[in-house]
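Engineer: Predicted model, plus sequence, below.
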Amino acid sequence: MCIKMNSFNIWEGRKDLTKDLVRSLIRGEYVAIIVRDYITESDCERIQENFINHPGIQQRKDIPAVEIGANSYGVTTQDYFLGSCQVMGDLWDLMTETSNPVIRALTDFQRGLDEGVALRPAIHKGFLASPFRAVSWTGGNESDENELALGLHEDVSQLSAPGLEDSEIAKIIEPIAINLYPSAAERGGELVIYDMKPNVSLRTELGLETTGYPYPKNILNDIGCQSISLDDGCLVLLRGCYIHGVRPSLGIKPRILLNSFVGAINADTYVYYT
């Protein structure tokens, strides 16, 4: 099923991410692909339990979230890749007694690339980027359904941040987010996508040219958007050049996201990172 939304489309289906869907996303035919029931029920339950009981959960300082894993946002190349190396064991602990849906998603994405194009981790001085990070948003206010737990942002500007200029990921023009949801919120937690791709001029005018976060709501008053409800087991691929945000998660059950980014660094190579 394809959801037509102003000037762009969102594809929605179940179970499988095909190579034709990946190719359509890369060509820009879709802004996002939603695959429901991509993660099995048993894997969802196991990952939820592994996350909740994991001793490596850390509170983020820059955004309202708890996280397991390394994040390239706001850090130097050296710190990111060293951090990725240090958390690798924690990440694989989260996949204990599962079929590892992260590896499945990356493999499915690779199958959609043109023949001869490789997908591998970003590399810096022998250190490998993380294949994913696990995060649960804690912000937002139950009394205001229009408030966001994660503010409006895009994923392009942060690749131009000072400190990352010597990394492979700084070569990426348009990242694609690979988001897996082993646990969706009881209520709320929707992904909100706007029909806007900020150009360099707008990002610079707003002072967001190296962060991409947070965009003021008033610039989107006349811009169409789509609110995507998520279920346990969802896979969402999203072109990171579009402004998006996350609504508050309501209820006791946590909204857990397993997130990776992929992007081309040259004609023959895509890399993944977090």
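Structural biologist: Yep, it's here. Residues are numbered from 1 along each chain as shown.

Engineer: The most centrally placed residue in the chain and residue 98: what is the separation?
Structural biologist: For the chain, residue 177 is the residue whose C-alpha lies nearest the centre (Cα atoms, centre = their mean; 3.9 Å). Residue 177 sits 21 Å away from residue 98, taking Cβ to Cβ, to the nearest Å as the criterion. C-beta here means a position set from N, CA and C on the backbone, and glycine is covered the same way.

Engineer: Read off the pLDDT value for the residue nearest to the centre of the chain.
Structural biologist: Note on residue 177: pLDDT of 98.

Engineer: Tell me the spacing between it and residue 187.
Structural biologist: 23 Å.

Engineer: what sits against residue 122?
Structural biologist: Residues in contact with residue 122, defined by Cβ atoms under 8 Å, 6 or more residues apart in numbering, are 128-129, 167-169, 265, 271-273.

Engineer: what do you get for residue 165?
Structural biologist: residue 77.

Engineer: what's the longest strand in this structure?
Structural biologist: strand 256-266 (DSSP state E).

Engineer: for it, which positions count as buried?
Structural biologist: By neighbour count on 16 or more other Cβ atoms under 10 Å, the buried set for strand 256-266 is 256-265.

Engineer: contacting residues around the residue nearest to the centre of the chain?
Structural biologist: Residue 177 neighbours (Cβ under 8 Å, 6+ apart): 155, 236-238, 240, 259-261.

Engineer: what do you get if the cut-off is 10 Å, keeping everything else the same?
Structural biologist: By Cβ atoms under 10 Å, 6 or more residues apart in numbering, residue 177 lies in contact with 32, 155, 191, 236-240, 244, 257, 259-262.

Engineer: The helix or strand where it lies pairs with which strands, and in what direction?
Structural biologist: Using DSSP states H and E, residue 177 sits within strand 176-183. Here strand 176-183 is paired, per DSSP bridges, with strand 234-239 (antiparallel), strand 256-266 (antiparallel).

Engineer: can you put those in CSV and add distance to residue 222?
Structural biologist: CSV is the format used below for the strands paired with strand 176-183 (distance: least, Cβ to Cβ, whole Å):
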stretch, distance to residue 222
strand 234-239, 21
strand 256-266, 29
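
Engineer: Of these, give the one that comes closest to residue 59.
Structural biologist: strand 256-266 (15.3 Å; Cβ to Cβ).

Engineer: how much space is there between the nearest residue to residue 118 once chain neighbours are set aside and residue 23?
Structural biologist: Distance criterion Cβ to Cβ, 6 or more residues apart in numbering; nearest residue to residue 118, sequence neighbours excluded, is residue 269 at 5.2 Å. According to Cβ to Cβ, residue 269 stands 17 Å off from residue 23.

Engineer: follow-up on the earlier one: in contact with the residue nearest to residue 118, which residues?
Structural biologist: Residue 269 neighbours (Cβ under 10 Å, 6+ apart): 113, 117-120, 122, 168, 171, 263.

Engineer: now with 8 Å?
Structural biologist: 117-120.

Engineer: For those residues, work out which two are farthest apart.
Structural biologist: Top of the distance list for these (Cβ to Cβ): 117 and 120, 10.7 Å.

Engineer: Common neighbours of those two, please.
Structural biologist: Shared contacts of residue 117 and residue 120, counting by Cβ under 8 Å, 6+ apart, come down to 269-270.

Engineer: hang on, the earlier thing: tabulate the strands paired with strand 176-183 in JSON lines, adding columns for distance to residue 248 and mean pLDDT.
Structural biologist: Compiled in JSON lines, these are given as follows (distance: least, Cβ to Cβ, whole Å; pLDDT from 0 to 100):
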{"stretch": "strand 234-239", "distance to residue 248": "18", "mean pLDDT": "98"}
{"stretch": "strand 256-266", "distance to residue 248": "14", "mean pLDDT": "97"}
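
Engineer: If I look at the residue nearest to residue 267 when sequence neighbours are not counted, what pLDDT would I see?
Structural biologist: Nearest non-adjacent residue to residue 267, counting by Cβ to Cβ, 6+ apart: residue 117, 7.7 Å away. Each residue has a pLDDT score; the one for residue 117 is 97.
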